[in-house]
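Trainee: Fold the following.
(2 chains)
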Amino acid sequence: MNEKKLVQQAQNGDFSAFTELINAHKGRIYSLALKMTNNPQDSEDIVQDTFLKAIDKIDQFRGEAAFGSWLYSIALNEIRGHFGKQKREDLKPVEEYLPAQGAHSEGGSNSAHVFDWGDPHRILESRELREVIDEAINELPIKYREAFVLRYFEELPVKEVAELIKESVAATKSRILRARLAVRDKLNSVFEDRYGRKMH
Amino acid sequence: MAGKCTDYIKDLNDYIDGELDDSLCAEIEKHIGKCENCRIMVDTLRQTVSLCREGKKEKLPATLEIKLSNLLKKKWDEKFGKKGV
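Mentor: Residues are numbered from 1 along each chain as shown, chains lettered A, B, ... in the order given. All right, here's what the predicted structure looks like:
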């Protein structure tokens, strides 16, 4: 049965139609929550609260967006609520992530140091590598983390990410880029340290 | 155009993700061909996302599945009464 029909039936009180609708999305909502919080228990709470809110608001769903996008937007609100009011953190301007370039350097002393990573699996075990990556993602301020997770874990197109975070496409692209640069920076410093240890 | 690194950084994601138009792609490739730091930057940014995507997809825990189905049915009945199928 198509989504529109299922939504109509759910709005008329058909629980099995609602169940069918959420079954198609609950795994992705859980994975979004887990990537954002890095905490299984909090993620379970977010999934529950998202679907409870969806029941509350099912009459308000007008079908302008896909049902999955509507659920994502509820989940994102729950996730933001979970983090509460955080101080307005920001990342460095993109130029400061650029490598220093010797004679034609433009980045100044804040510039990133770059080196070829080769294969990071050769210096870190899978579990440790996963921990480093999770830590790098968790260090991102929420507004950057959600853009990065939606784009690269949920694999949504930039336009859809922009709609979900209620920003322009240009602002969303900038947010995703800064998040990617910040995660790269973090991994770079860990790998550099490990490569250094390995070499000496 | 013999650009500087700062001219290209805002387009790097689109370039790496294959969403940049051909002429800008060609400019970036020309720059990367001459700038070792930017070549490494592009390569490690690409690796950043591929490393992040590694690992198993976490599945919804079975205990949550059961809990959810009971909780949502209860909520549904509160909202729709026994009209809920």
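Trainee: any idea how far chain B is from A:Glu135?
Mentor: According to Cβ to the nearest Cβ, to the nearest Å, A:Glu135 stands 12 Å off from chain B. The way it works is simple: take the backbone N, C-alpha and C, and place the C-beta from them, glycine included.
Trainee: Correction: the previous question concerned A:Asp185.
Mentor: 9 Å.
Trainee: Disregarding residues adjacent in the polypeptide, which is nearest to the residue sitting nearest the centre point of chain B?
Mentor: Nearest to the mean C-alpha position of chain B, by Cα atoms, centre = their mean, lies B:Val49 at 7.2 Å. Excluding its sequence neighbours, the residue lying closest to B:Val49 (Cβ to Cβ, 6 or more residues apart in numbering or on different chains) is A:Tyr152, at 5.1 Å.
Trainee: Just the pLDDT for the one you found.
Mentor: Note on A:Tyr152: pLDDT of 96.
Trainee: How about A:Ser105?
Mentor: For A:Ser105, the predicted pLDDT is 39.
Trainee: shaky segments in chain B?
Mentor: In the predicted model of chain B, residues B:1-2, B:82-85 satisfy pLDDT under 70.
Trainee: where do the helices sit along it?
Mentor: B:5-8, B:12-16, B:22-34, B:36-53, B:62-80 (DSSP state H).
Trainee: So which of those is nearest A:Ile142?
Mentor: Closest approach to A:Ile142 among the helices of chain B (Cβ to Cβ): helix B:36-53, 17.1 Å.
Trainee: any bit of stretch A:53-67 sitting next to chain B?
Mentor: Yes - residues of stretch A:53-67 contacting chain B under Cβ under 8 Å from any Cβ of the partner chain: A:55-56.
Trainee: From what I see, A:Ile55 and A:Phe18 are in contact.
Mentor: Yes - A:Ile55 is within contact range of A:Phe18, at 7.2 Å (criterion: Cβ atoms under 8 Å).
Trainee: Could you name every residue contacting both of the two?
Mentor: B:72, B:76 (Cβ atoms under 8 Å, 6 or more residues apart in numbering or on different chains).
Trainee: wait, what's in contact with the residue sitting nearest the centre point of chain A?
Mentor: Chain A has A:Val149 as the residue nearest its centroid, 1.9 Å off, counting by Cα atoms, centre = their mean. Neighbour list for A:Val149: A:32, A:35-36, A:137 [criterion: Cβ under 8 Å, 6+ apart].
Trainee: Check A:Phe148 too.
Mentor: If you count contacts by Cβ under 8 Å, 6+ apart, A:Phe148 has them with A:137, A:140, A:175-176, A:179-180, A:183.
Trainee: Quote the end-to-end distance of stretch A:114-129.
Mentor: 19 Å (Cα to Cα, to the nearest Å).
Trainee: what residues does it touch?
Mentor: With Cβ under 8 Å, 6+ apart as the test, stretch A:114-129 has contacts from A:99, A:132, A:187-188, A:190-192, A:194-195, A:198, B:37, B:40-41, B:43-44, B:47, B:51, B:54-55.
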